[in-house]
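Asks: Please find the sequence and the predicted model below.
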Amino acid sequence: MKIATWNINGVKARIDGLTRWLGEAEPDVVCLQEIKSVDEAFPAEAIERLGYNVATHGQKGFNGVALLSKRPLEDITCRLPGDDDDAHSRWIEATVSTDTGAVRVASLYLPNGNPVDTDKFPYKLAWMDRMLAHAQELLATDEPIVLAGDYNVIPEPKDARFPDRWVDDALFQPESRSRHRALVNLGYTDAQRAVSRDEGIYTFWDYQAGAWQKNNGIRIDHLMLSPAAADRLSGVNVEKQTRGWEKPSDHVPVVVTLDV
DNA sequence: ATGCCGTTTCGTAAACGA
């Protein structure tokens, strides 16, 4: 089973690239972030025509997450527990069953947190604490778990082409990185790092200042696997070619292959 | 470097992003 995550930066602006990529890569499950659409305006038909079921958790203007799956999406839940006043649409999870088992998949869009000296940064950290609590609860189930999305965290210096430029950024703060490590310490495996410790693996290149042309990238889109899911991991691929397409997202898809 | 670029919105400038 191929499970992908992709921050598409506006699903309506990206529908041609999205359908092209679905046809070429043929993922079984796709976790989308930053759909920037309300549920009613999500271009579901174009995606359903390619054989996908669609579940969305959108909001007007920004944020918004979605799940696409060739097999039915079961037990769909939206929102991250722990703060009923949090109105941002940043979490959707569902179960996908196969002939040999089932996997619980979440599409998450972790808050950016910039600028660090504003309320946005403590919101990010509190959101990460809620995510850690929920991730721990999920481990009590027998199903393999995949927490996939835009984490807005650069885990290590080697996950940035120019780490020195990120030291004042919320994505690279010690508080952000330590919470990401806490997810690992709970037992979740960074799928990319399970297959390669290489530097130079990036998933985001800014639109500005020729970042793509200069390969000034960062690795912030992650698929975190529970022990049961990590046991089934057989491959990871960064779909870098999409960044060179016309009207690209600034993020590219990351795909894991699980023997499920 | 208050810059760059791109998407969205009861738009035509501002919010948000990373």
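Replies: That came in fine, so what should we check first?

Asks: Need the distance between the two termini of stretch A:180-199.
Replies: 18 Å (C-alpha to C-alpha, to the nearest Å).

Asks: right, I mislabeled it, should have said stretch A:204-221
Replies: One end of stretch A:204-221 sits 8 Å from the other (C-alpha to C-alpha).

Asks: Settle this for me: A:Ala160 is touching A:Phe172, isn't it.
Replies: Yes: A:Ala160 is in contact with A:Phe172 according to C-beta atoms under 8 Å; the separation is 7.2 Å. All C-beta atoms are positioned from the backbone trio N, CA, C, and that covers glycine.

Asks: joint contacts of the two?
Replies: Common contact partners of A:Ala160 and A:Phe172 (C-beta atoms under 8 Å, 6 or more residues apart in numbering): A:Ile154, A:Trp166.

Asks: What are the contacting residues of the helix or strand harbouring A:Met224?
Replies: Following DSSP states H and E, one finds A:Met224 within strand A:221-225. Surrounding strand A:221-225, the residues in contact under the criterion C-beta under 8 Å, 6+ apart are A:3, A:5-7, A:135, A:144-151, A:153, A:155, A:183-184, A:188-192, A:194, A:203-204, A:233, A:236, A:251-252, A:254, A:256.

Asks: Is it possible to mark the buried ones in these?
Replies: Among these, those classed as buried by neighbour count (16 or more other C-beta atoms under 10 Å) are A:3, A:5-7, A:135, A:144-151, A:153, A:155, A:183, A:188-192, A:203-204, A:233, A:236, A:251-252, A:254, A:256.

Asks: returning to what we had before: and the strand holding A:Met224, which strands flank it?
Replies: When pairing is defined by DSSP bridges, strand A:221-225 lines up against strand A:145-150 (antiparallel), strand A:189-190 (antiparallel).

Asks: export these to TSV and tack on mean pLDDT and distance to A:Asp164?
Replies: Listed next are these as TSV, based on pLDDT from 0 to 100; distance: least, C-beta to C-beta, whole Å:
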stretch	mean pLDDT	distance to A:Asp164
strand A:145-150	98	23
strand A:189-190	98	23
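
Asks: Quick one: check stretch A:202-220 for contact with DNA strand B.
Replies: Yes: counting by C-beta under 7 Å from any atom of the strand, contacts between stretch A:202-220 and DNA strand B involve A:Phe204, A:Asp206, A:Tyr207, A:Gln208, A:Ala209, A:Ile218, A:Ile220.

Asks: swap in stretch A:120-135?
Replies: Yes: Stretch A:120-135 comes into contact with DNA strand B (C-beta under 7 Å from any atom of the strand), by way of A:Lys120.

Asks: Spatially nearest residue to the residue in chain A positioned nearest to DNA strand B, not counting backbone neighbours?
Replies: Chain A approaches DNA strand B most closely through A:Gly10 (2.5 Å), counting by C-beta to the nearest atom of the strand. Excluding the flanking residues, the one nearest A:Gly10 by C-beta to C-beta, 6 or more residues apart in numbering is A:Lys36, at 4.4 Å.

Asks: ok, how many other residues are close to that neighbour?
Replies: Counted by other C-beta atoms under 10 Å, the residues lying close to A:Lys36 total 20.

Asks: now do A:Lys240
Replies: Other residues close to A:Lys240 by other C-beta under 10 Å number 17.

Asks: residues in contact with it?
Replies: A:Lys240 sits next to A:Val252 when contact means C-beta under 8 Å, 6+ apart.

Asks: what's near enough to touch the spatially most central residue of chain A?
Replies: In chain A, the centroid-proximal residue (C-alpha atoms, centre = their mean) is A:Gly149; its distance is 1.0 Å. A:Gly149 makes contact with A:Thr5, A:Asn7, A:Cys31, A:Gln33, A:Val65, A:Ala106, A:Ser107, A:Leu108, A:Tyr109, A:Leu110, A:Asp221, A:His222, according to C-beta under 8 Å, 6+ apart.

Asks: Which strands or helices does the following helix or strand past the strand holding A:Met224 pack on?
Replies: Next helix or strand after strand A:221-225 toward the C-terminus (DSSP H and E): helix A:227-230. Packing partners of helix A:227-230 (3 or more C-beta pairs under 8 Å, 6 or more residues apart in numbering; DSSP states H and E): strand A:145-150, strand A:189-190.
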